[in-house]
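**Student:** Need coordinates for the following:
(2 chains)
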Amino acid sequence: MKVRIPTPLYSYTEGRREVDAEGATLGALLADLDRRHPGIRFRMIDEQDVIRRHIRIFVNRQQVYDLATPLDSSDEVQILQALSGG
Amino acid sequence: MRSPTPKTNTPKPATGPVMLLVATKKGAFFLRSDRARRTWKIGEPHFLGHLVHHVVFDPRDRKTLLLAAKTGHLGPTVFRSTDFGRSWKEATRPPAFPKAPEGEKGRAVDHVFWLTPGHASEPGIWYAGSSPQGLFRSDDGGVTWEPVAGFNGHSMYELWTGGPQDGTPDGPKLHSILVDPRDPRHLYIGMSSGGVFESADGGNDWTPLNGGCAADFLPDPKLPYGHDPHCVRLHPLAPDILWQQNHCGIYRMHRPEGRWVRVGERMPKKVGDIGFPLVLHPRDPDTVWVFPMDGTTVWPRTSPDGRPAAFVTRDAGRSWKRLDRGLPARDAWLTVLRQAMTGDTHDPVGLYFGTTSGEIWASRDEGNRWNAIARHLPHVYSVETAR
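**Tutor:** Residues are numbered from 1 along each chain as shown, chains lettered A, B, ... in the order given. Now for the predicted structure:
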């Protein structure tokens, strides 16, 4: 499925704003994304599997909070950077 | 009673250009001097917009730089360069705490705050300190990092470190990771808060080392931990001598005696002996520089009375001399953080400090005269030399 990437993570996707990754859950998708773009996951998800404070993840335009969220191959996943100060 | 400083063979002073590694809230900047250290050139920013807490040069291979970074959005990591910043590679396993068992709350690294190269006999070993307080080790030059379980999982960890409120406004920090040049397994760390701790077995076990040090902010100041060392240094030529700029004053310890002795009380009363950084002379263990700040009332942490100055002792703290020639004489409310002052190994020693208002000041004569060598940088977190 397609995953939209925010600008702070372009250094991991060779500048691409949209990349492919697969997974039956959000956690599996992020693991696959990390295999294809090493290092990208830890910048978004901490070592306790919590989505970092200023990262937001949307599936079909609905914000999700849980890595166990099930995904379908037709879903659209968008990762956003949230406000983080000046 | 102050113990005598042992005399040792002194290394030959360095010559030639000096490189300064400046880490800021918005990226890293490298400055390079001419051979006389009179003129400085600043290069393009590295990691512009990233929060860079520390950039450190490896004196063992004389080519590796490690850089601790995060951004407002992205989690903490470490980057590595072996060509003085022309190219960088990210750690494949950055410092991280272990995943907590199901149902338990685990810790997560907010930022990597401190980097220390390991012992001279152990090339490739590095240590990192984090916020919240965590100690990490790399055995491969900073490519992969593992938690030091003997500290992070110590049965006293929660008591020693307190909670998230027991730290700086930017979070509690583990800093001042020191390696005894005589023994790679003999380590010290500082924690704000927590105090100074020592390990004799490579980090497997730790004990507090805060005897004699004040903690006048604590309800029970006699506790053996809970102190706030801002910066701890160990002299490479006299490894039994430890110096500490603490929240409660300037201290020195002769390790066999095991007690901190406050040596800042001879500072002028109007200035006091509160500050963040402390810099050692590379060849004289009795000579130390500090940069005092206002630690009264609400703790402005700015230059006392708006008149910035470094102070030096050349007799192990018996007397202190003000060094302010070239610095603003008034109306200058500078803050110099604990990692933001350092020295080179030339003769005379060059001293360098960065301010949270984005200035870099240099002295090429051991602090007798200061010149601003960069302005308009972001908030400076740390200044290190590449030797």
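**Student:** Could you tell me which residues make contact with the closest residue to chain B within chain A?
**Tutor:** Of all residues in chain A, A:Ser84 sits closest to chain B, with a separation of 3.0 Å (C-beta to the nearest C-beta). All C-beta spots, glycine's among them, are computed from the backbone N, C-alpha and C. Counting by C-beta atoms under 8 Å, 6 or more residues apart in numbering or on different chains, A:Ser84 touches A:Arg53, A:His54, B:Thr71, B:Gly72, B:His73.
**Student:** Nearest residue to it in space, please, no chain neighbours.
**Tutor:** Here the nearest residue to A:Ser84 in space, its sequence neighbours aside, is B:Gly72; by C-beta to C-beta, 6 or more residues apart in numbering or on different chains that works out to 3.0 Å.
**Student:** which stretch of helix or strand covers that neighbour?
**Tutor:** Assigned by DSSP states H and E, B:Gly72 belongs to no helix or strand.
**Student:** distance of it from B:Pro229?
**Tutor:** Between B:Gly72 and B:Pro229 the computed distance is 28 Å (C-beta to C-beta, to the nearest Å).
**Student:** between those two, who's got more neighbours?
**Tutor:** Using other C-beta atoms under 10 Å in any protein chain shown as the criterion, B:Gly72 and B:Pro229 rank with B:Pro229 on top: 30 against 17.
**Student:** Quick one, which of the contacts of A:Ser84 are buried?
**Tutor:** Neighbour counting by 16 or more other C-beta atoms under 10 Å in any protein chain shown classes A:His54, B:Thr71, B:Gly72, B:His73 among the contacts of A:Ser84 as buried.
**Student:** Surely the residue nearest to A:Ser84 touches B:Lys26?
**Tutor:** No. If you go by C-beta atoms under 8 Å, B:Gly72 and B:Lys26 don't touch, sitting 10.4 Å apart.
**Student:** and which of the buried ones among the contacts of A:Ser84 is nearest B:Arg255?
**Tutor:** Taking C-beta to C-beta as the measure, B:Arg255 sits nearest to B:Thr71 out of those, at 40.0 Å.
**Student:** For the nearest residue to the closest one once chain neighbours are set aside, which residues are in contact?
**Tutor:** When the adjacent residues along the chain are set aside, B:Thr71 lies closest to B:His50, with 5.2 Å between them (C-beta to C-beta, 6+ apart). Taking C-beta under 8 Å, 6+ apart, we find B:His50 in contact with B:Lys26, B:Gly27, B:Ala69, B:Lys70, B:Thr71.
**Student:** ok, the third one - how many residues close by?
**Tutor:** It refers to B:Ala69. Other residues within reach of B:Ala69, judged by other C-beta under 10 Å, total 25.
**Student:** and it, what are its bridge partners?
**Tutor:** When assigned by DSSP bridges, B:Ala69 has beta-bridge partners B:Val52, B:Thr77.
**Student:** and of the contacts of B:His50, the nearest to B:Asp240?
**Tutor:** Among the contacts of B:His50, B:Ala69 lies closest to B:Asp240 (C-beta to C-beta), at 35.4 Å.
**Student:** Model confidence score at the residue nearest to A:Ser84, please.
**Tutor:** If you check B:Gly72, the pLDDT there is 91.
**Student:** if I look at it, how far off is B:Ala96?
**Tutor:** 19 Å.
**Student:** what residues are shared contacts of B:Gly72 and B:Lys26?
**Tutor:** Shared contacts of B:Gly72 and B:Lys26 (C-beta under 8 Å, 6+ apart): B:Leu51.
**Student:** what helices or strands is the helix or strand of chain B with the lowest mean pLDDT leaning on?
**Tutor:** Sorted by mean pLDDT, DSSP states H and E, the helices and strands of chain B end with helix B:157-161, the least confident at a mean of 94. Counting by 3 or more C-beta pairs under 8 Å, 6 or more residues apart in numbering or on different chains; DSSP states H and E, no packing neighbours are recorded for helix B:157-161 among the helices and strands.
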